[in-house]
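Colleague: the following comprises the amino acid sequence and a computationally predicted model.
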Amino acid sequence: MITTAIIFMAVVFFLFNYSLKTKVFFILILSLVLIKTITSYSIPTNKELGILGTIIDKSNNYYIVKTNEVYYDDSWKSIKGKLYFSYNKFTTDPFEIGNNIYIVGKKTNGKFDPIYMANSSEKSIYSVRNFFKKRIYRNFQYDNREILFSVVFGGLKGKNAEIFKNTGLLHLFAVSGFHVYIIYSLLYFLYSFTLFPINIRRLITIIILFIYLSASGFSDSAMRATFLLSIIELNKLIGWNVNSKNILGLIGVINLLYNPNVLFSAGFLMSYFAALSILIIIEYTNNPFLVTLSAFLAVLPWSILFFKGFSFVGIFLSVFFTPIIYSLMILSGLYIIVHLPDFVSNFVNYYISIIKSLLQYINRYIPYITLKDNSYIFLYFISIILLIFFHIVIYKRYTMSKK
């Protein structure tokens, strides 16, 4: 995994229109990233830990906490990571998304067991996510409100997540460039009804994208997409002439310098692989099926490696379900703003239930392929070769057609 990630970064950072001096500069930067990755701390196991962190997502008694500092061996250490755990002890001080907290617990066999948890007096920027979640939950008090929230802000879990995972559609509920680009496109559609100067539009766009980024919990894919579009906007605002793939490389460097451990994150690798694959393919064609296929093939190796499985129908269902996801995102946005009449909410709840039933029916006949033993390693390398072969075929086809 590390070897493949380093090869990928080398492609992103060095392949596209860089001068020799720039390449040497990036080699030095990536050397620093590698050294920082090797020397950085990770959350230790089988030790009682004191942890200062922030709740970045919550579903009932299940929490996701971003760690800032960890106390063990008689000292505090700066460790950027995530903890996933359940905590159901009674408290009169509720734990909400965005709360800074102190935790005492132990990590054993990859599982974190909290003994004690308490709120800090300070809130964090992640409270923006909590605000939007409360708005949707208040205005849509039905069974499927978690899906309605997650389709915009990500973080789908439990049985609902299993339904979409088994049909290869869970990525639609992980905030990605797809979500960020929809918001970006919607903003420019709304601008067409205003008289705002173009530079003001670009500044407003950057601000709104960063508000959305904080509401999404600063996921790896959302950070990549938000920074990419924001730098593109700045590029136009200031008058730079920077290739979009170079911008992607720059964002990758910034991301790794901030937190080298994302190199081992499925979200980081899937996001950057998919973005690079799309940026390469749109140089030759804007065919929506080929663009979607390029993203699917780019994500497939990491799906096999991290989740040890994949769905045969994922690529086809992704194309079919895109307009459905659009509709759910629009409905989610409406519920953030206003409480809709009960008959509308009943219809929306029924609509989502039909989608879930359809996916369960599909999964009954075309199940999710779970890989056993070490077969996933072989398929992982096959999927890498398939991705490279796909791009070679597209390159030859479209370059030959121009001659």
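Modeller: Great, that's in hand.

Colleague: how near is Ile382 to Leu305?
Modeller: Distance of Ile382 to Leu305, given as C-beta to C-beta, to the nearest Å: 12 Å. Any C-beta I mention is one placed from the backbone N, CA and C, and that applies to glycine too.

Colleague: can you check Ala225 too?
Modeller: According to C-beta to C-beta, Ala225 and Leu305 sit 22 Å apart.

Colleague: again, but for Ala274
Modeller: To Leu305, Ala274 is 15 Å away according to C-beta to C-beta.

Colleague: neighbour count winner among these two?
Modeller: Neighbours were counted for Ala274 and for Leu305 using other C-beta atoms under 10 Å; Ala274 has more, 23 against 20.

Colleague: quick check: which element contains the more buried one?
Modeller: According to DSSP states H and E, Ala274 maps onto helix 266-281.

Colleague: could you point out which element follows that helix?
Modeller: As assigned by DSSP H and E, the chain's next helix or strand after helix 266-281 is helix 288-307.

Colleague: how much space between the residue most central in space within the chain and Ile278?
Modeller: In the chain, the centroid-proximal residue (C-alpha atoms, centre = their mean) is Ser221; its distance is 3.4 Å. With distances taken as C-beta to C-beta, Ser221 is found 13 Å from Ile278.

Colleague: hang on, the earlier thing: packing partners of the helix holding Ala274?
Modeller: Under the contact definition 3 or more C-beta pairs under 8 Å, 6 or more residues apart in numbering; DSSP states H and E, helix 266-281 sits against helix 2-14, helix 177-191, helix 220-238, helix 244-258, helix 288-307, helix 375-402.

Colleague: what helices and strands are in contact with the fifth one?
Modeller: With contacts defined as 3+ C-beta pairs under 8 Å, 6+ apart, the packing partners of helix 288-307 are helix 266-281, strand 309-310, helix 314-337, helix 375-402.

Colleague: list the buried residues of stretch 335-343.
Modeller: Tyr335, Ile336 (16 or more other C-beta atoms under 10 Å).

Colleague: isn't Gly252 right up against Leu269?
Modeller: No - Gly252 is beyond contact range of Leu269, at 10.6 Å (criterion: C-beta atoms under 8 Å).

Colleague: quick one on the thing from earlier: next, find the distance separating the closest residue to the residue nearest to the centre of the chain other than its chain neighbours from Ile278.
Modeller: Distance criterion C-beta to C-beta, 6 or more residues apart in numbering; nearest residue to Ser221, sequence neighbours excluded, is Ser271 at 3.6 Å. As defined by C-beta to C-beta, Ser271 lies at a distance of 11 Å from Ile278.
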